[in-house]
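Enquirer: sequence first, then the predicted structure, then my questions.
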Amino acid sequence: MRILSLLLALALALGVASQASAQTVDRIRETGELKLGYRTDAAPISYANEDGNAAGYSALLCVGVAQALAKSLDMEDLAVSFHQVTAENRFDKVASGEIDLLCGASTITLERRNKVDFSTPTFVDGAVVLLPRNGTPGFKALDGKRIGVRAGTTTEKALEASIRKEGITAEKVPFDSHDVGIDALAAGEIEAYFGDQSILVYHMLKKDLGSDLRITDQLLTVEKQGLAMARGDSEFRLLVDAILSTLYRNGSMQRVYKETLPGVKPGVAIRALHMIAPDMP
């Protein structure tokens, strides 16, 4: 893709610091490989394409990060490999060193920071409700209904919190994938589906469900996402953040967004992130 060539050229020209902690960099130098983790089921942020290769916003972003890292560490022959992870094991694989950098749809939370560290935010998303086209908007209208959600995610916890906050008795129905959950909604097996806005928009377009389903306008959460890495590896995190800052500053982040979410207009939160992220501490 054109954007890949652009990121490669930009990354090779970056003049970021060349020091990082031994915890991660020594492993990379020893193996000659940078191992990137990605989820296969979180399109358009992180997924496996028809050829089985890593794709999506975070995966493409990590191509630029990897090239800049190779330049910084003076490793022209650095091998970059993508490894599939699941929603359940992704942070364990980072903490154990099986994965050097997690390039998925990972919301930054204090609970997760007990196990891993995160880069400066790379994306901002929010949970919304997907309804049948004739469904009644408003979360309270879901009282007594069955609401689907992707199991093992922060979105599942956000749904539980929203149900408590609104004081309704809706039933949470976990699914192993967004595809299965959205198909269940289209088939009338559940009355609503709760998920990140970007993911639901992508799946509606992919499945051509615009005439059958609709997404509510109300954002029920605002979630910052970042690249996860080993906890306590502050110098490696600084190096990654320096690369990201440059990609924000020169407009590459905006171009990655347009490439991987074609036709999706960035919301207020994304536009604000593009404005302030280059100077985030």
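Expert: Yes, it's here.

Enquirer: strands of the stretch 151-281 of the chain, start to end?
Expert: 171-175, 192-196, 213-215, 223-225, 228-230 (DSSP state E, counting those that start in this stretch).

Enquirer: for the stretch 151-281 of the chain, give me the ranges with low pLDDT.
Expert: Across the stretch 151-281 of the chain, the ranges flagged by pLDDT under 70 are 280-281.

Enquirer: measure residue 255 to residue 129 for me?
Expert: Counting by Cβ to Cβ, to the nearest Å, the separation of residue 255 from residue 129 is 31 Å. Where C-beta positions appear, they are placed from N, C-alpha and C, glycine not excepted.

Enquirer: of those two, who's got more company?
Expert: residue 129 (25 against 17; other Cβ atoms under 10 Å).

Enquirer: mind putting the strands of the stretch 151-281 of the chain into a markdown table with distance to residue 152?
Expert: Listed next are the strands of the stretch 151-281 of the chain as a markdown table, based on distance: least, Cβ to Cβ, whole Å:
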| stretch | distance to residue 152 |
| --- | --- |
| strand 171-175 | 8 |
| strand 192-196 | 13 |
| strand 213-215 | 22 |
| strand 223-225 | 15 |
| strand 228-230 | 15 |
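
Enquirer: closest to residue 97 out of those?
Expert: Proximity to residue 97, assessed across those by Cβ to Cβ, is greatest for strand 228-230 (6.8 Å).

Enquirer: and that closest one, how far out from the chain's middle?
Expert: Taking Cα atoms, centre = their mean, to the nearest Å, one finds the center of strand 228-230 at 14 Å from the center of the full chain.

Enquirer: try stretch 200-210
Expert: In terms of Cα atoms, centre = their mean, the centre of stretch 200-210 is set 18 Å apart from its chain centre.

Enquirer: please apply the same query to stretch 209-223.
Expert: On Cα atoms, centre = their mean, the centre of stretch 209-223 falls 18 Å from that of its chain.

Enquirer: do stretch 265-274 as well
Expert: The answer for stretch 265-274 is 15 Å, by Cα atoms, centre = their mean.

Enquirer: now do it: everything it contacts.
Expert: If you take Cβ atoms under 8 Å, 6 or more residues apart in numbering as the criterion, stretch 265-274 is touched by 121, 123-124, 126, 197, 222, 248, 253-254, 257.
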